[in-house]
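Asks: Could you work out the structure for the sequence below:
(2 chains)
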Amino acid sequence: MSETLTFTDIEADICYVARRVEEDKLYFVQMAGPPLMAVLMAKRMRAPNIGYVVEEGAVAPSPTFPLWRMMLGASRSHYRAVQWTGMNTVDFHAALGYMDYGVLAAIQIDKYGNLNSTMLGDSYEKPERRFGGPGGGNEIASQCWRTVVMTRLEKRKFVEKVDFMSSPGYLDGTPGARERAGMPAGTGPYLIVTERALFGFDEKTHMMRLQAVAPWISVEEVLARMDFKPLIAEPLEELLPPSEEELAVLRAEIDPSGFTLSRGEWITVERDDSGAMHLLSAGGTGAGA
Amino acid sequence: MKVLASGTGEFQIPDPDGLRAYVREHKERRLVTKVMTEQEAVKRLVQDGDYVAYDQNVANRGPASLFREIIRQRKKDLWLCAKFNWSDVSLLAAAGCVSKVDVGWMETGPAIQRALKKGQIKLIEWTNGALSYRLLAGAMGVPFLPMRYMGGTDSFARSAAKLIEDPYLEKPICVVPALNPDVGIIHVHQCDMYGNARVFGAGVAPAEIAMASKKVIISTEEIIENEAIRRQPQRTTIPYYFVDAVVLAPFGTYPGGVPGLYGSDVQHVLEYAAAQIQDKMDEYLEKWVHSVASHEEMLEQRVGVKKLLQLRQDESIREGYYE
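Replies: Now for the predicted structure:
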């Protein structure tokens, strides 16, 4: 008997990241939205003691579930931390090498993992659309050992060259480019997470490399949603969709208001009798946003 | 020293000796009361053209009552330090108070998009951390500090950071100029009449701003006895001699919240968003700023006791702040 499953791209991203969160590592998390939700999802489901910092200076908070909306940098997101300090202090923790992973969102990314969260358009002076800026993204992407980026797989987001490089990936991709720009060695983008595929980076060329693909989409379809051609890992991993249990926790306890999750692209997949998965529909209010 | 690359962004040249001379000449060393009204504080301490920094964490602890007083007094040509902002830049820009913004992160709704299209405001690119770090350099009395980020990006290229060869290790390192704002504005949980101020919770950079700024205005939820400060000196975030004015402002961050005390007003946030989207910022400013004489009058006539009590109830967590 076939069964169907419906989820948003944001829900998929959060599940993919949450599954990979390691309890013996420290995380520097962008303060709100999918990055924070992903780490909290891992904390709720299987890594209750996960340590993370947020940029305004809360160290290892332990919010209670279900989470509240409007918990941006407020008492609810800082609840039961081990320390309340300031922005400079947690940036020092990252500079010292304590932060294993940084988790970020971005509006545009290029083949070397450089990130844009500042503006879209050909001209900086006359942007088509101005965004908020890097926030704490630059310090996170520069100083954490490994950067995880959450975004949506779209041609206008995966571009040859970002319109504005707000936060660094591997810059021009040449060996030592980050060190030549003053960043600590051995750091850089590690995993790019989208609803349809995951990407890593080739260690020598620093080119983005397709690493895992959802079972309801082909490699060709993934590539058709990108403005450049990434390297392709051999073999490719399979990217299992969110489970019903994951979705239940996510919707009831991580974002009960649905404020963040429901903004995404709605994806419905079917699992047929043979176990193969097919895409039934994708789209929705957030798809073009 | 070898400079490898320079950002082209406009910045105020650091002047640690100038600041020292100003401090020697102008800053009050005595324990004297600094309590004054919001009108007096803004009139005396905020001048047209000033560089203004404030501490804020999105919707938390922003000095909103003083922003509204700055708008009421029609201050002009301000240069804002927008680290970790919310709607304050769009509000002050829509009111015509701002000409330049150092951007870490800010809300960029229709009011900002319009101000940018009309060329009303100029942006200089930084990051939240870089601005906090520049304030730290300012707070240390040094002209610049090295750091391990920003290099190689467009944020760097549009900032005033430089990439230099480290004189010790001979490796590239990014340096940023100290930031010493003309005015620092900080909203706190508690403060005594002299300016000894307490911020509870994760605070972004309140102490850095107070130490780096030439003039400092504290707005506070309550004024407490100096005796209470002396009983628990470890809770003091900012000591008195940095502070020029203490303004009593309960619910001073409205429509934002103060952790441990009251929540932010979601309804008001939506009203503000609607005003931006419908291009009705003038009406919004008339209702919430110009048609009332003070913060107290706004709370009385526009917000009301019922809403204020509700916001207090919304903030259920006291642990760690007051307990």
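
Asks: Mind telling me which residue is nearest the centre of chain A?
Replies: Taking CA atoms, centre = their mean, the centroid of chain A lies closest to A:M150, which sits 1.9 Å from it.

Asks: ok, now chain B?
Replies: Nearest to chain B centroid, counting by CA atoms, centre = their mean: B:Y54, 0.9 Å.

Asks: related to what we said a few turns ago, how about the residue nearest to the centre of chain A, phi and psi?
Replies: Per-residue torsions, A:M150: phi -110, psi 130 (degrees, to the nearest 10).

Asks: Could you do B:Y272 as well?
Replies: phi -70, psi -40.

Asks: was I right about it contacting B:S264?
Replies: No. Contact criterion CB atoms under 8 Å: B:Y272 and B:S264 do not qualify, at 11.2 Å. Placement of C-beta: from N, CA and C, glycine included.

Asks: what sits in contact with each of those two?
Replies: B:P255 (CB atoms under 8 Å, 6 or more residues apart in numbering or on different chains).

Asks: Just give the nearest non-adjacent residue to residue 188, would you?
Replies: You didn't say which chain, so I picked chain A. A:Y170 (5.5 Å; CB to CB, 6 or more residues apart in numbering or on different chains).

Asks: Can you look at chain B instead?
Replies: Nearest residue to B:V188, sequence neighbours excluded (CB to CB, 6+ apart): B:A197, at 4.4 Å.

Asks: wait, what's in contact with that neighbour?
Replies: B:I186, B:V188, B:Q190, B:C191, B:P206, B:A210, B:I218, B:T220, B:T236, B:T237, B:I238, B:V243.

Asks: same deal with B:P14?
Replies: Going by CB under 8 Å, 6+ apart, the list of residues near B:P14 reads B:A137, B:G138, B:P143, B:F144, B:P177, B:A178, B:L179, B:N180.

Asks: Verify the contact between the second one and B:G184 for me.
Replies: No. Applying CB under 8 Å, one finds B:G138 not in contact with B:G184, separated by 9.6 Å.

Asks: Neighbour count: these two, which is higher?
Replies: B:G184 (33 against 27; other CB atoms under 10 Å in any protein chain shown).

Asks: is it true that that one lies in a strand?
Replies: Yes. Assessed by DSSP: H, G, I helix; E, B strand; the rest coil, B:G184 belongs to a strand.

Asks: contacting residues around it?
Replies: B:V52, B:A53, B:Y54, B:I209, B:A210, B:A212, B:S213, B:K215, B:V216, B:I217.

Asks: so it bridges to which residues?
Replies: For B:G184, the beta-bridge partners are B:A53, B:V216 (DSSP bridges).

Asks: Tell me, what's the model's pLDDT at whichever residue of the stretch 101-250 of chain A sits closest to chain B?
Replies: Using CB to the nearest CB, A:A181 is the residue of the stretch 101-250 of chain A that sits closest to chain B, at 3.0 Å. pLDDT, A:A181: 98.

Asks: distance of it from B:L169?
Replies: 15 Å (CB to CB, to the nearest Å).

Asks: The two - which one has more neighbours?
Replies: Neighbours per residue (other CB under 10 Å) separate A:A181 from B:L169, with A:A181 holding more: 24 against 8.

Asks: Is that one in contact with B:I164, as I believe?
Replies: No. If you go by CB under 8 Å, A:A181 and B:I164 don't touch, sitting 11.9 Å apart.

Asks: Identify the contacts common to those two.
Replies: Counting by CB under 8 Å, 6+ apart, the residues touching both A:A181 and B:I164 are B:P172.

Asks: Now for the residue sitting furthest away from the middle of chain B: which residues touch it?
Replies: For chain B, the largest distance from the centre (CA atoms, centre = their mean) belongs to B:E170, which lies 36.6 Å off. Residues counted as contacts of B:E170 (CB under 8 Å, 6+ apart): none.

Asks: which element is it on?
Replies: Taking DSSP states H and E as the definition, B:E170 sits outside all helices and strands.

Asks: Show the pLDDT at it.
Replies: For B:E170, pLDDT reads 97.

Asks: Same check on A:A38?
Replies: Reported pLDDT for A:A38: 96.

Asks: quick one: it and A:Y27 touch, right?
Replies: No. A:A38 sits out of contact with A:Y27 when judged by CB under 8 Å, with a separation of 9.4 Å.

Asks: Can you list the residue ranges for helices in the stretch 1-150 of chain B?
Replies: Remark: helices assigned in the stretch 1-150 of chain B by DSSP state H, counting those that start in this stretch are B:16-26, B:38-45, B:64-72, B:88-94, B:110-117, B:128-140.

Asks: ok so, going back, quick one: which of the contacts of B:A197 is nearest to chain A?
Replies: Using CB to the nearest CB, the contacts of B:A197 come closest to chain A at B:P206, 7.6 Å.

Asks: Isn't that closest one up against B:D55?
Replies: Yes. Counting by CB under 8 Å, B:P206 does reach B:D55; the two are 4.5 Å apart.

Asks: Which residue of these two possesses the greater neighbour count?
Replies: With neighbours defined as other CB under 10 Å, B:P206 and B:D55 compare such that B:D55 has more, 30 against 24.

Asks: Contact partners for that one?
Replies: B:R61, B:G62, B:P63, B:I185, B:I186, B:H187, B:V199, B:G203, B:V204, B:A205, B:P206, B:I209.

Asks: what's the closest non-adjacent residue to the second one?
Replies: Once flanking residues are discounted, B:G62 sits nearest to B:Q56: 3.7 Å by CB to CB, 6+ apart.

Asks: So what's the residue count around that neighbour?
Replies: 28.

Asks: Kindly report the same for B:D17.
Replies: With other CB under 10 Å as criterion, B:D17 counts 10.

Asks: Now do it, the pLDDT please.
Replies: 98.

Asks: before we move on, what about the one 3 residues further on?
Replies: Model confidence at B:R20, given as pLDDT, is 98.

Asks: And for B:V58?
Replies: 86.

Asks: Distance check, it against chain A.
Replies: 5 Å (CB to the nearest CB, to the nearest Å).

Asks: Surely that residue and B:D88 touch.
Replies: No. Using CB under 8 Å, B:V58 is not in contact with B:D88, being 10.2 Å away.

Asks: For chain B, which residue gets nearest to chain A?
Replies: B:G152 (3.0 Å).

Asks: Surely that residue is in contact with A:R178?
Replies: Yes. Here B:G152 reaches A:R178: they are 6.8 Å apart, a contact under CB under 8 Å.

Asks: quick one: which of the two has more around it?
Replies: Neighbour tally, B:G152 and A:R178, criterion other CB under 10 Å: the higher count belongs to B:G152, 27 against 23.

Asks: How about the secondary structure of the more buried one?
Replies: Strictly by three-state DSSP, B:G152 counts as coil.

Asks: tell me the contacts of it?
Replies: A:M165, A:P168, A:L171, A:A177, A:R178, A:R180, A:A181, A:G182, A:M183.

Asks: for A:A47, same thing?
Replies: So A:A47 contacts A:V21, A:E22, A:E23 (CB under 8 Å, 6+ apart).

Asks: how many other residues sit next to the nearest residue to B:A157 once chain neighbours are set aside?
Replies: Nearest residue to B:A157, sequence neighbours excluded (CB to CB, 6+ apart): B:G7, at 5.6 Å. B:G7 has 25 neighbouring residues, counting by other CB under 10 Å.

Asks: what do you get for B:V142?
Replies: For B:V142, using other CB under 10 Å, the count is 12.

Asks: low-scoring pLDDT stretches of chain A, where are they?
Replies: A:1, A:69-73, A:285-289 (pLDDT under 70).

Asks: Would you map the helices across it?
Replies: Secondary structure of chain A by DSSP state H: the helices cover A:9-20, A:34-45, A:87-95, A:137-143, A:177-180, A:219-224, A:244-249.

Asks: So which of those has the densest surroundings on average?
Replies: Of the helices of chain A, the one with the most neighbours on average (mean count of other CB atoms under 10 Å in any protein chain shown) is helix A:137-143, at a mean of 30.

Asks: so of the contacts of B:A197, which ones are in helices?
Replies: B:P206, B:A210.
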